[in-house]
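[1] I would like the atomic coordinates for the input below:
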Amino acid sequence: MIMTIYNFAKLSLNEKANLLENKAVYLDNFVDGDNLVNTYFFEGFFAESILDLKTGKIIEIIPYQYGYRMDKRKVDNYLKHAC
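    As a prediction, this is how the structure comes out:
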């Protein structure tokens with residue numbers, strides 16, 4: 001099955017985390033309050049894995065094609081590394 005952003009969004013949190021860890025290209029991270037946000041590129045879209053720094057657990061994984069949280073100045077650089 002081809003992994004589209006829609007198929008990815010339907011996966012469980014554990015399935016998404018496994019795919020990002022094993023198949024995605026890690027791009028960048030930043031701290032947002034009490035969370036660490038890791039950005040990945042996978043199969044033509046981006047995904048953010050949000051880790052609660054207090055518990056050390058992933059609380060959410062959000063796939064997107066573009067978005068406000070991404071540093072626009074880094075987009076070209078991200079894509080150079082990802083492709």
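[2] Averaged pLDDT, stretch 50-60. What do you get?
    Confidence for stretch 50-60, expressed as mean pLDDT, is 96.
[3] Might you calculate how far that stretch sits from the centre of the chain?
    Taking the mean of its C-alpha atoms, stretch 50-60 sits 14 Å from the chain's own mean (CA atoms, centre = their mean, to the nearest Å).
[4] May I see the buried residues of the lengthiest helix in the chain?
    Counting residues, the longest helix in the chain under DSSP state H turns out to be helix 13-23. Under the neighbour-count criterion of 16 or more other CB atoms under 10 Å, helix 13-23 has 16, 19-20 buried. C-beta coordinates here come from the backbone N, C-alpha and C atoms, glycine included.
[5] and which of these is nearest to residue 3?
    Closest approach between those and residue 3, by CB to CB: residue 19, at 7.4 Å.
[6] re the thing from before, could I get the buried residues of helix 13-23 in JSON lines, plus columns for distance to residue 48?
    Converted to JSON lines, the buried residues of helix 13-23 look like this (distance: CB to CB, whole Å):
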{"residue": "16", "distance to residue 48": "11"}
{"residue": "19", "distance to residue 48": "14"}
{"residue": "20", "distance to residue 48": "10"}
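[7] Mind listing what's buried along stretch 31-38?
    35-38.
[8] Alpha carbons of it, in PDB - could you do that?
    Taking Å, rounded to 0.1, in the frame of the first residue of the first chain, the C-alpha atoms of stretch 31-38 are listed here in PDB:
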ATOM      1  CA  VAL A  31      10.900  23.300  22.200                       C
ATOM      2  CA  ASP A  32       7.300  24.500  22.600                       C
ATOM      3  CA  GLY A  33       6.500  25.100  26.200                       C
ATOM      4  CA  ASP A  34       6.800  21.700  28.000                       C
ATOM      5  CA  ASN A  35       7.000  19.800  24.700                       C
ATOM      6  CA  LEU A  36       9.700  18.900  22.300                       C
ATOM      7  CA  VAL A  37       8.600  18.900  18.600                       C
ATOM      8  CA  ASN A  38      10.500  16.800  16.200                       C
END
